[in-house]
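S.K.: Sequence and computational prediction follow.
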Amino acid sequence: MIENQIAILISALSLCVAIAVFIRSWVKDGSEKIRLTQNLHEYFNSKEMLVSRENTWFFLEGLEDFKNYPSFEQIWRDKDKAQNFRDMYRVLSFWQQLEVLYKRGLLDNEVTYKLFEYERNEWSKQIRPLVVATNLIDQKYPEVLQPFDVNQGLELTNQSTTCLWRRRP
């Protein structure tokens with residue numbers, strides 16, 4: 001009889017320890033996701049990125065005046081646009097990194113949505129002509145454009161309380 005009570009007590013204690021370990025790792029994992037999301041947001045708003053974002057934005061706006069919008073590779077090969085290309089690549093790489101980390105479940109969904117949704121939508125509009133021109137002209141398709149490609153990229157959305165990157169229709 002005592003042996004059964006001891007076995008039940010040991011089982012109950014083991015279950016409590018397992019639940020406590022699970023809750024601790026779940027809470028720690030959630031705080032790590034928030035911290036990584038915040039770090040990305042801080043980098044996105046760093047002086048270096050602000051300069052690159054501004055330069056890229058105005059560079060892409062300036063391209064709208066041309067009848068033949070250049071592709072990614074054409075911009076890359078144009079030595080006169082080397083700094084513009086470096087800035088643009090830095091911005092595009094950021095969005096690619098954000099997408100990869102998000103898809104891997106390493107970022108907090110809700111915080112990511114709240115911090116990046118507006119910028120993501122605006123950059124999608126600004127980069128769209130570059131994606132189209134690259135699809136039409138280039139043989140190679142750079143991975144940094146995939147987050148903005150309607151056929152390959154993902155879009156940040158908010159559905160009820162869950163935030164998801166979902167494939168665009």
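M.R.: Yep, that arrived. Predicted model, so just to flag it, every value in this text is computed and none were measured. Numbers count the residues shown, from 1 in each chain.
S.K.: what mean pLDDT does the helix or strand hosting Glu119 have?
M.R.: For Glu119, the element it lies in under DSSP states H and E is helix 109-137. For helix 109-137, mean pLDDT is 90.
S.K.: same deal with stretch 148-160?
M.R.: Mean predicted confidence for stretch 148-160 is 54.
S.K.: now swap in stretch 82-101 and tell me
M.R.: Stretch 82-101 comes out at a mean pLDDT of 92.
S.K.: Other residues contacting it?
M.R.: 36, 40, 43-44, 48-49, 51-53, 55-56, 59-60, 75-76, 78, 107, 112, 116, 120, 123, 127, 142-148, 153-154, 165 (Cβ atoms under 8 Å, 6 or more residues apart in numbering). Every residue, glycine included, has its C-beta placed from N, CA and C.
S.K.: One more pass at 6 Å, please.
M.R.: Ser52, Arg53, Asn55, Thr56, Phe59, Ile75, Trp76, Leu107, Val144, Pro147, Leu154 (Cβ atoms under 6 Å, 6 or more residues apart in numbering).
S.K.: got a list of what the first one touches?
M.R.: When you say that, I think you mean Ser52. Asp87, Arg90, Val91.
S.K.: Can I get the helix or strand containing Phe94 in CSV, CA atoms only?
M.R.: Following DSSP H and E, one finds Phe94 within helix 82-103. Below are the C-alpha coordinates for helix 82-103, written out as CSV (Å, rounded to 0.1, in the frame of the first residue of the first chain):
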residue,chain,number,x,y,z
ALA,A,82,27.4,50.9,-57.5
GLN,A,83,26.4,52.8,-54.3
ASN,A,84,22.7,52.6,-55.2
PHE,A,85,23.1,48.9,-55.7
ARG,A,86,24.9,48.4,-52.4
ASP,A,87,22.1,50.3,-50.5
MET,A,88,19.4,48.5,-52.4
TYR,A,89,21.0,45.1,-51.7
ARG,A,90,21.3,45.9,-48.0
VAL,A,91,17.6,46.8,-47.8
LEU,A,92,16.5,43.8,-49.8
SER,A,93,18.7,41.5,-47.8
PHE,A,94,17.1,42.8,-44.6
TRP,A,95,13.6,41.8,-45.9
GLN,A,96,14.9,38.4,-47.1
GLN,A,97,16.4,37.8,-43.6
LEU,A,98,13.2,38.8,-41.9
GLU,A,99,11.2,36.4,-44.1
VAL,A,100,13.5,33.5,-43.6
LEU,A,101,13.6,33.9,-39.8
TYR,A,102,9.8,34.4,-39.7
LYS,A,103,9.2,31.2,-41.8
